[in-house]
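1. A predicted structure for the sequence below; I have some questions about it.
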Amino acid sequence: MKAARTSDSRWLLLVLLNSGFIQAGVYVVRPMITYRAVDLGADATLVGLVGSAFALAPLLFAIVMGKWVDKGRDGTALVVGSGVSLAVTLGLIFFESFSFLFIAMPLLGIGHLFAMLGGQTMIANRSADPKYERNFGLLTFYASVGHAVGPFFGGVLADRGGVEVDVNAALWFAIALFVGAALSVISMFRKTLKVHIGASLDAGAVRKVLAVKGYKSAIFVAGSSTAVVDVMLIFLPLLGRQLGFGSTQIGILLAVRALASMGVRVVLGRISDRFGMKRILNTGALVTLLGVIAIAFVTDFYLLALVIAITGFAMGIGQPATMAWVSRISDPDHRGLAISIRLTSNRLGQVVVPAVAGSIATAGLGSVFFLLAALQAASIAVTNRALKT
């Protein structure tokens, strides 16, 4: 798809607002699903499977959805994603069973993916090349605002003292957030950027995207970064219960991680220009590696908050940096497809890593964080091989 670069204006603000609302809503729902699963009798293995179900349907359909978005439907995707997320969360209010959790989580993942595809494709197509890091940094900054606001207020609303949690109170808050997400982009429904569809979007197009030098490395690093955030979101509530923390305290820890990620994303463009993508990705992965190992051993709430703040700052680098990496090396005719394949890699990590984490958590929750450390070590190795600077 060839799209003229446009000046940053109202469209960018709407995309950013939608990102904040969507991410806040999802980051309310997913920790609450951990609590609901435990209340229904789930052990760590089943909690991991329920968490990984969020990424299952997006893993299967991301490329098809990317082709659909590549036909100029990025604005429509934002609206559809917001609506699907809203409908699924309403269902979670009224149906409390394992079977519905395994239906709802993949559908929520589809809604989330539509919104992410729409926003990222719009930014990739409408931003000038020098503004990639800045605009993707802003996108993930607003996402981090959502990651902070959602768990914090969701945890406060759900807190009933001790380890008791009112899941539905938090879900109603998530519904309000998804309504805000839909309203922020409703004007973009069916409004598409005039584009010229170039090459045919078939299996050959997928092969062409995958053949781009550095692309496979970029999506591996992106998937590793996403998996760490995802496992923290799923298993931190479980770790908190083991340590005797209430839902408000868990919400604070998740908010601290998100706020720290916001900090690095504000300055990502400048530090990338100064130090280069390879250095910032490797530094972020190394600090994350050390941080997740520390989380496995820390039991004091305030010390854990400090460790998560430092780790969260480092974790905030991977996503916007790999968005810029993928967008810069991709053919403009297939940029939406390239982004969707990147998101497929993310979803693969979100299916496999939480499921594996759940299976090894029976040996102790600390083992989950050692798994994340190994993943970051692999990410450093791949980045070193793929990037010169």
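-> Alright, I've got the coordinates. None of these values were measured; they are calculated from a predicted model.
2. Chain neighbours aside, what residue packs nearest to the most centrally placed residue in the chain?
-> With distances taken as Cα atoms, centre = their mean, the residue of the chain nearest its centroid is residue 226 (5.9 Å). Spatial nearest neighbour of residue 226, chain neighbours left out: residue 346 (4.1 Å); criterion: Cβ to Cβ, 6 or more residues apart in numbering. Where you see a C-beta, it was placed from the backbone N, CA and C, and this is true even at glycine.
3. The one you found: which element?
-> helix 335-360 (DSSP states H and E).
4. Show me what the helix or strand just after that helix packs onto, helices and strands only.
-> Per DSSP H and E, the first helix or strand lying C-terminal to helix 335-360 is helix 366-386. With contacts taken as 3 or more Cβ pairs under 8 Å, 6 or more residues apart in numbering; DSSP states H and E, helix 366-386 sits against helix 215-243, helix 277-295, helix 335-360.
5. Can you list the buried residues in helix 366-386?
-> Of all the residues in helix 366-386, those buried under the rule 16 or more other Cβ atoms under 10 Å are 368-369, 371-373, 375-376, 379-380, 382-383, 386.
6. Any idea how far it is from the middle of the chain?
-> 18 Å (Cα atoms, centre = their mean, to the nearest Å).
7. Contacts for it, please.
-> With contact meaning Cβ atoms under 8 Å, 6 or more residues apart in numbering, helix 366-386 is reached by 214, 217-218, 220-221, 224-225, 227-228, 231-232, 235, 278, 281-282, 285-286, 288-290, 292-293, 295-297, 318, 353, 356-357, 360-361.
8. rerun that using 6 Å as the cut-off
-> With contact meaning Cβ atoms under 6 Å, 6 or more residues apart in numbering, helix 366-386 is reached by 214, 217, 220-221, 224, 228, 231, 235, 281-282, 285, 288-289, 292-293, 295-296, 357, 360-361.
9. quick one, the helix or strand hosting residue 306 and helix 215-243 angle?
-> Counting by DSSP H and E, the element that carries residue 306 is helix 301-315. If you take axes from the mean of the first three to the mean of the last three Cα atoms, to 10 degrees, helix 301-315 sits at 170 degrees to helix 215-243.
10. In terms of secondary structure, what does helix 301-315 contact?
-> Judged by 3 or more Cβ pairs under 6 Å, 6 or more residues apart in numbering; DSSP states H and E, helix 301-315 is in contact with helix 247-266, helix 277-295.
11. Beyond the longest one, next helix or strand please.
-> Proceeding N to C from helix 247-266, the next assigned helix or strand is helix 268-275, under DSSP H and E.
12. and the helices and strands packed on helix 366-386, which one is worst for confidence?
-> Ranked by mean pLDDT, the helices and strands packed on helix 366-386 end with helix 335-360 in last place, scoring a mean of 83.
13. For that helix, buried residues please.
-> Of the residues in helix 335-360, 335-351, 353-358, 360 count as buried by neighbour count, 16+ other Cβ under 10 Å.
14. Report the angle between the helix or strand residue 12 falls within and helix 247-266.
-> Using DSSP H and E, residue 12 sits within helix 10-39. Between helix 10-39 and helix 247-266, the angle comes out at 150 degrees (the same axes, to 10 degrees).
15. just checking, next helix/strand downstream of helix 10-39?
-> Assigned by DSSP H and E, the successor of helix 10-39 is helix 44-53.
16. Buried ones in that next one, by neighbour count?
-> Neighbour-count burial for helix 44-53 flags 44, 46-53 (criterion: 16+ other Cβ under 10 Å).
17. Can you find the helix or strand of this structure with the lowest average pLDDT?
-> helix 203-211 (a mean of 79; mean pLDDT, DSSP states H and E).
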